[in-house]
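In: everything below, folded, please.
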Amino acid sequence: MTLTPEQLEQLAGRCLMVDVAGPVLSEEEAARLQKMRVRAVCLFRRNVPDAASTRRLAADLKCALGEDILIGLDQEGGGVMRTLFLPQAPAAMALAAVGDDELARRVGGAVARGLKSLGVNWNFAPVLDLNNNPANPVIGERSFGADPARAAALARAWMEGHLAEGVACCVKHFPGHGDTHTDSHLDLPVVDKPQAELRDYELAPFKALSAHAPALMSAHIRFPSLDPEWPATLSPAILTGLLRRELGFAGVAITDALNMKAIRERWGQAAGSVQTLKAGADLSLVLQFPEEMEASFEALRAALQSGELAQARLEEAVERVDALIRRYPSRDDYDYAAEQRAADEALFADAWRRALTPYGDAPTLPAGQRLRLVVQDQAPSDGVSEAGLSASKLVAALSHRHALEVVRFQQRAALDWSTLPQDGVFTVLASTTRERYGRREQQTWKPDLHLALWNPYAAADIAAPALISYGFADAALEAVSRRLAGEIPAAGRLPVALGQPYQEQ
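Out: Just a heads-up that it's a prediction; the model follows:
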């Protein structure tokens, strides 16, 4: 059947997911979204300053685009939480350190309740990447660990709890982002492993959850043994041959953001959108640049009109997206009652406390005693989390139980450890970024205790006992403060091998 121009536009637009500039949908943005026929919008922290604004934005999006839309975001837990006003969920690796599937299920449900109250109906979580590479610059504590069976079990429990609350999930990043040295936000990683190894390891969690996950996100990574030409996001061999035919995945396949340099600097978002839909994706995630969103829409429409993109391929994609929306509608009638919110906050606090992990014989310091805290003034974002931990927040948390002398530094290179007083004061180094430590810090920084508050692998870089929290939510920092004072144990168990001190690649 030959499609009318309007039908071509509808098919093209319904295979795009885009973002908007801020917490208020302008008339200009609404008109642009309507022109592109999109009905899937991705939110970031800039869009969600508070609950009331977020609910209003969701309502305005539905008013502009129709009730049947997808409103999605990344609410993984730990450092990747778009909303700062909802209870702060533990990171995946924190849950793996506890090792309690039922806790993971309850946490997933609590995360979904918060999103449901805002009108958000799609969460880009859980992460199924197995973090078996200590030098991985972007996954780390976002992973449920390095053991395929345990990671799959915890992720499935988290997902089941989440889905039971009526909010869709999206497992990621297929076929695995755990063994990379490169961040795909910055460049195109290559995982050059034999097919057999990939199938036995990286693919194992995706195989385990392929019949249960309603959606999946692809990785911007080249796997030469799976496809010598295309990265996974653009690969027919991976998205159709492996994902659909071999694994039998029937849910929605969405790309990771095409504005990431791995794709944008090589193919561009418009050409990338055409290729990923040809390859087997159902939604192309086009972000940040309005002119590139419009160009992507026009490229899809033109590819449909010319026959480069088969009509049946996009109709199949739209059917999957329609089914996801029907099953997980955006709601405006859920009241996140104060009692339920308090219970969820208590649940998360308990999880953060139980996850606290010692590395070596981590000492304690009685409450009220003086300690010297060495900390970066403002930790930079890693590009995914949007914001790191400020020294002020950590100081406030640790000051509840100890008298602090604070040594702040702006950049690591500016701190000469030998200039610190050699006066016997208990000295604590706080690692508040995802970055690993170089040779200079490894050889000269000598704290009495190392707080690895974000990247657990940093604990291996400093020759001192460490306390690993897997994140810096308020409840995580309170648990660290209590453990430092000897009030609670640190009973978490590392779900990964930290390996040797970091070496520049």
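In: which SS class is the closest residue to Leu16 other than its chain neighbours?
Out: Spatial nearest neighbour of Leu16, excluding adjacent residues (CB to CB, 6 or more residues apart in numbering): Val38 at 5.0 Å. The C-beta positions use only the backbone N, C-alpha and C, and glycine is treated the same way. When classified by DSSP: H, G, I helix; E, B strand; the rest coil, Val38 comes out as coil.
In: for His181, report the pLDDT, please.
Out: Each residue has a pLDDT score; the one for His181 is 66.
In: neighbours around the residue nearest to Leu16, how many?
Out: Look at Val38: counted by other CB atoms under 10 Å, it has 25 neighbours.
In: now do it against Ile488, distance only.
Out: From Val38 across to Ile488, the span is 48 Å (CB to CB, to the nearest Å).
In: output the below-cut-off pLDDT ranges for the stretch 151-300 of the chain.
Out: Where the stretch 151-300 of the chain drops to pLDDT under 70, the residues are 181, 183.
In: could you list the low-confidence segments of the stretch 1-150 of the chain?
Out: Applying pLDDT under 70 to the stretch 1-150 of the chain flags residues 1.
In: what ranges do the helices span in it?
Out: For the stretch 1-150 of the chain, the helices defined by DSSP state H, counting those that start in this stretch occupy 5-13, 27-36, 51-65, 92-98, 101-116, 148-164.
In: same question for the stretch 201-350 of the chain.
Out: Using DSSP H, counting those that start in this stretch, helices in the stretch 201-350 of the chain cover 204-209, 236, 261-264, 269-279, 290-306, 311-327, 338-355.
In: now those as CSV including mean neighbour count and distance to Val48?
Out: Shown next, in CSV, are the helices of the stretch 201-350 of the chain (neighbours: other CB atoms under 10 Å; distance: least, CB to CB, whole Å):
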stretch, mean neighbour count, distance to Val48
helix 204-209, 22, 27
helix 236, 17, 36
helix 261-264, 21, 24
helix 269-279, 25, 23
helix 290-306, 19, 20
helix 311-327, 16, 21
helix 338-355, 19, 16
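In: spit out the contact partners of Leu283.
Out: Applying CB atoms under 8 Å, 6 or more residues apart in numbering to Leu283 gives the contacts 15-17, 40, 252-255, 317, 321.
In: tell me the bridge partners for the nearest residue to it once chain neighbours are set aside.
Out: Leaving out its chain neighbours, the residue that sits closest to Leu283 by CB to CB, 6+ apart is Ile254, at 4.1 Å. Judged by DSSP bridges, the bridge partners of Ile254 are Met217, Leu283.
In: use 26 as the first number from now on
Out: Sounds good: first residue 26 from here, last item Ile279.
In: tell me the SS of the residue of the chain most remote from its centre?
Out: Distance from the centre of the chain peaks at Asp448, with 42.1 Å (CA atoms, centre = their mean). Here Asp448 is coil, with the state taken from three-state DSSP.
In: pLDDT wise, what is it at?
Out: As predicted, Asp448 sits at a pLDDT of 95.
In: kindly report the same for Asp473.
Out: At Asp473, the model reports a pLDDT of 98.
In: please report how far it lies from Ala489.
Out: Distance, Asp473 to Ala489, by CB to CB: 7 Å.
In: now do Pro315
Out: Between Pro315 and Ala489 the computed distance is 49 Å (CB to CB).
In: repeat that for Leu272.
Out: Leu272 is 44 Å from Ala489, where distance means CB to CB.
In: what's the answer for Thr207, then?
Out: Going from Thr207 to Ala489 by CB to CB gives 29 Å.
In: now Pro30
Out: Taken as CB to CB, the span from Pro30 to Ala489 is 67 Å.
In: for those two, indicate the residue with more neighbours.
Out: The neighbour count for Pro30 versus Ala489, taken as other CB under 10 Å, is higher for Ala489 (19 against 9).
In: one step back: out of the helices of the stretch 226-375 of the chain, which gets nearest to Gly170?
Out: Smallest distance to Gly170 across the helices of the stretch 226-375 of the chain (CB to CB): 10.2 Å, for helix 229-234.
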